[in-house]
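next one to model:
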Amino acid sequence: MPETDRIVIPFGQEVEWRASPFKYFIDKGRKALISKSLEMEDNWHGKKGDMIQGFGKMPFGPNRKANYMTGVNRAKYRNPNPDKWATEWERSMIT
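Okay, the predicted model is just below:
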């Protein structure tokens, strides 16, 4: 921990040093993830057809291609968890 209770981050912005030295970056990343989550889901659903079409061009047999198509169509999108992301990101920065 630094001796002061304030730090300067890129572009000269000064923020408070709190329990986590990465609090500013965690909050910023969490907000970005939340704001992009709807777009991520739309993109995921929009690419299902491309995934099936691309796999269809591979040299696999009809059964494997049918199973792949069934699996892709049954798959459900899972929204990202911002709290889990924040915990994992902070852990990766420390280790």
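
can we go C-alpha only for contacts and neighbour counts from here?
OK.

and the lengthiest helix in the chain, which residues are buried?
Assignment by DSSP state H gives helix 23-46 as the longest helix of the chain. Neighbour-count burial for helix 23-46 flags 23, 26, 29-30, 33, 37, 40 (criterion: 16 or more other CA atoms under 10 Å).

any idea of the mean pLDDT for that helix?
Across helix 23-46, pLDDT averages out at 91.

and it, what does it pack onto?
Counting contacts by 3 or more CA pairs under 8 Å, 6 or more residues apart in numbering; DSSP states H and E, helix 23-46 packs against helix 82-94.

show the backbone phi and psi for G61.
Phi and psi for G61, reported as degrees, to the nearest 10, are phi -80, psi 170.

that one: neighbour count?
For G61, the neighbour count with other CA atoms under 10 Å is 9.

circling back: of the buried residues of helix 23-46, which is the nearest to P82?
Nearest to P82 among those, counting by CA to CA, is R30 at 5.4 Å.

ok, the nearest residue to that closest one once chain neighbours are set aside - contacts?
Counting by CA to CA, 6 or more residues apart in numbering, P82 is the residue found nearest to R30 once chain neighbours are left out, at 5.4 Å. P82 sits next to 30, 33-34 when contact means CA atoms under 8 Å, 6 or more residues apart in numbering.

same thing with F22?
So, once contact is read as CA under 8 Å, 6+ apart, F22 ends up touching E90.

where does N73 land on pLDDT?
N73 is given a pLDDT of 95.
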